[in-house]
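*Asks:* Need coordinates for the below:
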Amino acid sequence: MWWVRLNKLIKRKKYTIDEVCILAGQIMLESGAETYRVEDTMSRIAKSYGVECVESYVTPTAIVFTVDDDLITNTKMKRINKRGTDLNKIAVVNHLSREISEGKWSLQEAYKKLIEVHRSTFVYSVWLQILAAAIVSGCFVIMFQGKWFDFLPTVVTGGFAYFCFLIIDRIVQVRFFSEFITAAIIGLISHLLVYYGFGMEIDKIIIGSVMPLVPGLLITNAIRDLISGHLVSGLAKGAEALLTAMAIGSGIAIIIGLI
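*Replies:* Presented below is the predicted three-dimensional model:
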């Protein structure tokens with residue numbers, strides 16, 4: 001089993017404070033945490049292990065962390081290639097950092113815990129995600145004052161579109177391409193449902209179906225980073241959210257224009 005090999009590896013290698021801090025920051029940043037939260041967690045962990053002089057600089061694509069003690073100054077950088085949304089991992093790392101501050105875990109034990117969190121898969125199954133996206137799509141139709149007759153068509157459209165999004169995002173490793181194709185699929189299915197009499201208001205069906213794709217977390221984090229003074233990270237996340245929204249809008253616009 002992988003955890004048995006992991007235990008043997010940890011016993012052989014002694015991990016340093018900066019490796020533990022960078023791994024914690026990497027997990028949080030890849031899971032969608034705000035920049036200031038990542039920097040605060042890394043600094044808190046380092047100070048819990050007796051290092052007072054630490055500096056961290058975090059952007060959506062990289063982590064730079066410096067440990068400065070009386071003997072040596074060590075700087076490391078970690079490149080972040082993928083980013084997603086996993087609030088459960090953020091909560092686990094936050095809880096672990098508080099336990100480290102209380103002196104509950106040694107350096108090696110903390111690294112082992114972080115590796116387990118980093119290797120863990122998404123807490124929800126794919127089909128549960130699709131079901132949630134379908135129900136959310138239908139509820140948004142009602143929230144935007146749509147008719148109940150469009151509820152079921154939107155549930156079907158939203159669920160199938162999110163299923164396509166997961167497949168395309170896994171096969172094609174190109175940013176914003178999966179959102180663009182999924183939005184085009186939503187526009188096509190919505191038009192067909194209304195055309196054959198299974199829906200009434202195509203605009204409400206489209207709006208409800210695209211809501212699971214809307215980068216709400218990115219927009220929120222961008223605003224919070226800007227308020228906290230992290231201008232580079234805030235602008236970068238804002239640009240990413242804007243490009244995602246443009247990809248969704250372009251996919252819908254192309255289908256509507258061709259029909």
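*Asks:* May I ask you to confirm that residue 55 is in contact with residue 74?
*Replies:* No - checked against CB atoms under 8 Å, the pair residue 55 and residue 74 is beyond contact range at 11.1 Å. Yep, even glycine has a C-beta here, placed from its N, CA and C like the rest.
*Asks:* Mind listing the shared neighbours of the two?
*Replies:* Shared contacts of residue 55 and residue 74, defined by CB atoms under 8 Å, 6 or more residues apart in numbering, comprise 66, 68.
*Asks:* any chance you could map the strands in the stretch 51-200 of the chain?
*Replies:* With DSSP state E, counting those that start in this stretch as the criterion, the stretch 51-200 of the chain has strands at 54-59, 62-68, 73-79.
*Asks:* how about the ones you listed, which one is nearest residue 87?
*Replies:* strand 54-59 (18.1 Å; CB to CB).
*Asks:* For the nearest residue to residue 168 once chain neighbours are set aside, list the residues it contacts.
*Replies:* Excluding the flanking residues, the one nearest residue 168 by CB to CB, 6 or more residues apart in numbering is residue 178, at 4.2 Å. Residue 178 sits next to 165, 168-169, 172 when contact means CB under 8 Å, 6+ apart.
*Asks:* Please enumerate the helices of the protein.
*Replies:* 2-12, 17-30, 35-48, 87-101, 107-119, 126-143, 151-171, 177-195, 202-210, 216-227, 231-258 (DSSP state H).
*Asks:* mean pLDDT for the ones you listed: which is lowest?
*Replies:* For those, mean pLDDT drops lowest on helix 2-12, to a mean of 46.
*Asks:* Break this structure down into its domains, please.
*Replies:* Structural domains assigned to the chain are 2-119, 126-258, following automatic domain parsing.
*Asks:* Looking at those domains, which one is packed in the most?
*Replies:* domain 126-258 (a mean of 19; mean count of other CB atoms under 10 Å).
*Asks:* What's the end-to-end length of that domain?
*Replies:* End-to-end distance for domain 126-258, by CA to CA, to the nearest Å: 32 Å.
*Asks:* Look up how far residue 18 lies from the residue nearest to residue 168.
*Replies:* Distance of residue 178 to residue 18, computed by CB to CB, to the nearest Å: 35 Å.
*Asks:* Over to residue 215?
*Replies:* 32 Å.
*Asks:* What of residue 209?
*Replies:* Separation of residue 209 from residue 18 (CB to CB): 45 Å.
*Asks:* How about residue 218?
*Replies:* Distance from residue 218 to residue 18, by CB to CB: 28 Å.
*Asks:* circling back to that earlier point, for the helices of the chain, which one sits closest to residue 67?
*Replies:* helix 17-30 (4.9 Å).
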